[in-house]
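K.L.:
Fold the following.
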Amino acid sequence: MGTTMSEKAHKCVLLADRHLELTEGVRGLLETTFDVVVMVADEPSLFESAQRLQPALAVMDLSLVRGDGLGWLQRLRARCPNSKLILLSVHDEPSVCREALGAGADGFVLKRMIATELLTAIDSVMSGRRYASPRAWGREPRPTRSNL
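P.N.:
Residues are numbered from 1 along each chain as shown. Here you go, the predicted structure:
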């Protein structure tokens, strides 16, 4: 029996980031879980690919789309209501994480924690739970001069 289009879509992940080196490394992680990893590096490609593919998951750099706040995330959520959305970010301020989750992200992973947290985040969001890097959510103490 062949694979239907809807079954195939659930095996697809969209990866959106401008930084090729990072994207290549993340792709390697994603290929352990998903059959198809589609990589894009700009806003138009993100929206076109998401609309066309309706991926099970989209993993995106928070700063991929500039000058729109998080309105782009809300538009993406409206176009792909069944896709899980995980944002990658260099920003570890709890306010950034909370704003992203409030705008429709299912997960928020700090870029410096991708190797240790991304697969956990994917498991969480694909199971219907939200995920936030503990440091970004404000659950881990930030380093201070006394403990550096």
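K.L.:
Buried residues, the one helix or strand residue 52 maps to. List them.
P.N.:
With elements delineated by DSSP states H and E, residue 52 resides in helix 43-53, which encompasses its position. Judged by neighbour count (16 or more other Cβ atoms under 10 Å), helix 43-53 contains these buried residues: 43, 46, 47, 49, 50, 53. Glycine gets a C-beta too; all of them are placed from N, C-alpha and C.
K.L.:
Next secondary structure after it?
P.N.:
strand 57-61.
K.L.:
got the angle between that next one and helix 43-53?
P.N.:
Here strand 57-61 runs at 180 degrees with respect to helix 43-53, directions being taken by axes from the mean of the first three to the mean of the last three Cα atoms, to 10 degrees.
K.L.:
can you list the residues that contact strand 57-61?
P.N.:
Contact with strand 57-61 is made by 12-19, 26, 30, 34, 46, 50, 76, 80, 83-89, 111, 118, 122, 125-126, as judged by Cβ atoms under 8 Å, 6 or more residues apart in numbering.
K.L.:
Determine the longest helix present in the chain.
P.N.:
With DSSP state H applied, the helix covering the greatest number of residues in the chain is identified as helix 114-126.
K.L.:
Please name every helix or strand in contact with that helix.
P.N.:
Other helices and strands packing on helix 114-126, by 3 or more Cβ pairs under 8 Å, 6 or more residues apart in numbering; DSSP states H and E, are helix 20-30, strand 57-61, strand 84-89, strand 107-110, strand 131-132.
K.L.:
out of the buried residues of helix 43-53, which one sits closest to residue 130?
P.N.:
residue 50 (19.7 Å; Cβ to Cβ).
K.L.:
where's the closest residue to residue 133 other than its chain neighbours relative to residue 57, distance?
P.N.:
The shortest distance from residue 133 to any residue that is not its chain neighbour, by Cβ to Cβ, 6 or more residues apart in numbering, is 4.4 Å, and that residue is residue 110. Counting by Cβ to Cβ, to the nearest Å, the separation of residue 110 from residue 57 is 18 Å.
K.L.:
Sounds good, over and out.
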